[in-house]
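Participant: Need coordinates for the below:
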Amino acid sequence: MDFDVTSNSPDETIELGQNLGLQLKGGEVVAVCGPLGSGKTHLIKGIAAGAGATDHKHVNSPTFVIVNEYKGRLDIYHIDAYRLYSVSEFEMVGFDDFCYPESVVLIEWADKVESALRNLDYILIELEHAGETKRAIHFKNTPQYINQ
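Facilitator: Reported below is the predicted structural model:
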């Protein structure tokens, strides 16, 4: 299922992510794409909170460490592919090991490693600037159990 949402502020983007995170069952891979400053990390903060991350206030982009792990109702792996230069680097961070029924894998800058995801049934979320704080957010391939 595909749908579009408009967020008018960073807080709305976090709230939208939280709503999505509450609905995740485990086993999902969520690919998040968009230009710098489009709200990818805010959305992921919300998803992590909704998925029960006990330390969701400390969710930040793992640009230099590549992967952050958050424990909650689900095991949450937050991968930032921004500094990865190849799909093989992405695979070496342990991507396959993070994918199991009780986990959610959130990938920022997923467009950089898209070829590694081709054989997976993943949720794609694309964010784009629509104003100073307004964002157009496009959800693609969302499971039937995810409501807008």
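Participant: Mind listing residues that contact stretch 1-17?
Facilitator: 39, 42-50, 127, 130, 133-144, 146, 148 (CB atoms under 8 Å, 6 or more residues apart in numbering). Where C-beta positions appear, they are placed from N, C-alpha and C, glycine not excepted.
Participant: list the contacts for the residue nearest the centre of the chain?
Facilitator: Taking CA atoms, centre = their mean as the criterion, Leu106 is the residue nearest the geometric centre of the chain, at 3.6 Å. By CB under 8 Å, 6+ apart, Leu106 lies in contact with Val30, Val32, Ile44, Ile47, Ala48, Ile76, Tyr77, His78, Ile79.
Participant: List the ones among the residues you listed that fall in helices.
Facilitator: Counting by DSSP state H, these place Ile44, Ile47, Ala48 in helices.
Participant: could you flag which of these are buried?
Facilitator: Neighbour counting with 16 or more other CB atoms under 10 Å marks Ile44, Ile47, Ala48 as buried within the ones in helices among the contacts of Leu106.
Participant: Between the residues you listed, which sits nearest Gln18?
Facilitator: Closest approach to Gln18 among these (CB to CB): Ile47, at 7.2 Å.
Participant: thought that closest one was touching Gln23?
Facilitator: No - applying CB atoms under 8 Å as the test, Ile47 and Gln23 come out as separate, 9.9 Å apart.
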